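**Student:** kindly return the folded structure for what I paste below:
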Amino acid sequence: MTETVAEVCLSTADLTGDIGFFTKRLGFRMDMIYPADDPAIAAFSGHGLRFRLERGDEPAGHLRLLSDAPAEIAGGETALIAPGGTRITIAERNPPLVLPPTIHSFVVRRLADQAPWVIGRAGMHYRDLIPDRLGGSIIASHIRIPDGGPVPDMVHFHKVGFQLIFCINGWVDVVYEDQGPPIRLTAGDCFIQPPEIRHRVLEASDGIEVIEIGVPAEHVTAIDHDMTLPTPHLRPDREWQGQRFVHNVGKGAAWQPFRIPGFVARDTTIAANTRDVAGVQVARPDGGTTDWTWHDSDILFTYLMQGGMVLEGEGREAFPLQQGDAFVIPPGMKTRYSDATPDLEILEVSLPGRFTTHIGDRT
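**Tutor:** Here you go, the predicted structure:
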């Protein structure tokens with residue numbers, strides 16, 4: 001059987017010095033060197049890498065070594081330069097997730113403003129619903145796949161603190177680790193994808209649209225080349241970093257009074273299944289009188305799934321809103337939802353899952 005080995009080629013201005021540096025300082029193994037009388041090329045392997053040093057005057061390269069114990073390499077140094085000029089960075093292989101502090105702002109994002117759609121992973125179209133990302137603390141995306149069919153996806157996972165997929169149009173089939181056969185998500189239903197749960201998008205209908213919420217805004221998507229889905233075990237109670245997988249179905253759900261007057265809501269059970277990391281509710285008007293309210297949630301995001309309303313904000317112009325619009329209300333800001341159409345239905349996402357809403361005049 002023919003074997004193919006890949007190696008990275010780097011230029012060095014001091015091959016002799018580099019031999020000792022890479023073998024003794026960094027723990028690589030030298031596999032080859034020539035010519036014997038005046039060495040100009042040497043190959044090394046180790047730490048999952050094979051590279052080749054060639055004497056010359058080309059620009060120096062850069063190697064990153066990722067380790068579960070970076071302090072045990074090179075005496076704990078994290079930035080080094082080899083005698084021949086190669087830069088070496090030593091870093092954590094699996095760095096802890098960093099949740100940046102929220103930079104609060106009042107955000108209104110209208111579909112009519114023609115925010116650009118960009119092509120993202122697996123050919124999906126993305127529209128940003130929170131342009132300033134609240135300082136990097138959250139990303140909210142309106143995602144669509146115009147032409148349905150099989151999705152060119154791979155088994156993957158996300159290094160996140162919280163992630164929601166809420167279907168607003170069409171359907172999509174997804175298979176999840178330890179959750180049985182593929183699950184069809186339809187309009188009005190949602191998933192939460194606990195941190196690092198393996199999954200794969202299989203197929204979608206024409207015109208599928210979802211709202212995806214991710215915390216923090218910038219997070220890593222990693223491919224798992226070893227896992228095959230579905231997995232053989234069904235483990236609905238399994239937790240990933242304290243969170244359970246949720247598939248919440250909207251049809252037939254019970255409606256209860258919402259946190260603000262004039263609305264009722266259905267709870268998606270996400271607060272309970274994330275230990276109050278986040279809460280997700282769908283609300284609609286009940287014909288009652290609305291009132292001014294303010295809240296103490298760190299993040300409160302709302303998307304209009306259908307119908308319309310007017311968003312009034314203390315000291316602000318009133319914003320007439322329609323289907324496809326979204327807004328973020330910072331803590332402490334008084335607002336009122338008025339002139340709601342009978343068919344209005346809103347998606348509200350809060351972090352944390354439990355927070356306090358104050359109604360009426362401030363005291």
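**Student:** going forward, measure contacts and count neighbours with C-alpha atoms only.
**Tutor:** OK.
**Student:** distance of Asp178 relative to Val220?
**Tutor:** Per C-alpha to C-alpha, to the nearest Å, Asp178 is found 22 Å from Val220.
**Student:** repeat for Leu202
**Tutor:** 21 Å.
**Student:** for the two, indicate the residue with more neighbours.
**Tutor:** More crowded of Leu202 and Val220, by other C-alpha atoms under 10 Å: Leu202, with 19 against 13.
**Student:** who are the packing partners of the host helix or strand of that one?
**Tutor:** Counting by DSSP states H and E, the element that carries Leu202 is strand 199-204. Judged by 3 or more C-alpha pairs under 8 Å, 6 or more residues apart in numbering; DSSP states H and E, the packing partners of strand 199-204 are strand 149-150, strand 156-159, strand 171-176.
**Student:** and the second one, what's buried?
**Tutor:** Neighbour counts over strand 156-159 (16 or more other C-alpha atoms under 10 Å) mark His156, Phe157, His158, Lys159 as buried.
**Student:** before we move on, back to that, relative to strand 171-176, how tilted is the strand holding Leu202?
**Tutor:** Here strand 199-204 runs at an angle of 150 degrees relative to strand 171-176 (axes from the mean of the first three to the mean of the last three C-alpha atoms, to 10 degrees).
**Student:** which residues touch strand 199-204?
**Tutor:** Applying C-alpha atoms under 8 Å, 6 or more residues apart in numbering, the contact partners of strand 199-204 are 145, 148-157, 170-177, 229.
**Student:** swap the cut-off to 10 Å and go again
**Tutor:** By C-alpha atoms under 10 Å, 6 or more residues apart in numbering, the residues outside strand 199-204 that reach it are 122, 144-158, 170-179, 182-185, 193, 223-224, 227-230.
**Student:** contacting residues for Ala82?
**Tutor:** 12-15, 17-22, 25, 60, 88.
**Student:** let's see if you can find the most crowded of these.
**Tutor:** The residue in those with the most neighbours, by other C-alpha under 10 Å, is Thr12 (26 neighbours).
**Student:** which strands or helices does the lowest-mean-pLDDT helix or strand in the chain pack on?
**Tutor:** Among the helices and strands of the chain, strand 117-119 carries the lowest confidence by mean pLDDT, DSSP states H and E, at a mean of 79. Judged by 3 or more C-alpha pairs under 10 Å, 6 or more residues apart in numbering; DSSP states H and E, the packing partners of strand 117-119 are strand 125-128, strand 139-145.
**Student:** among those strands, show me which one is buried the most.
**Tutor:** Stretch with highest mean neighbour count among the helices and strands packed on strand 117-119: strand 139-145 (a mean of 22; mean count of other C-alpha atoms under 10 Å).
**Student:** quick one, that strand and strand 199-204 angle?
**Tutor:** Orientation check (the same axes, to 10 degrees): strand 139-145 against strand 199-204 gives 40 degrees.
**Student:** might you report the residue contacts of the most centrally placed residue in the chain?
**Tutor:** Nearest to the mean C-alpha position of the chain, counting by C-alpha atoms, centre = their mean, stands Gly214 at 4.1 Å. Applying C-alpha under 10 Å, 6+ apart, we find Gly214 in contact with 137-141, 158-165, 193.
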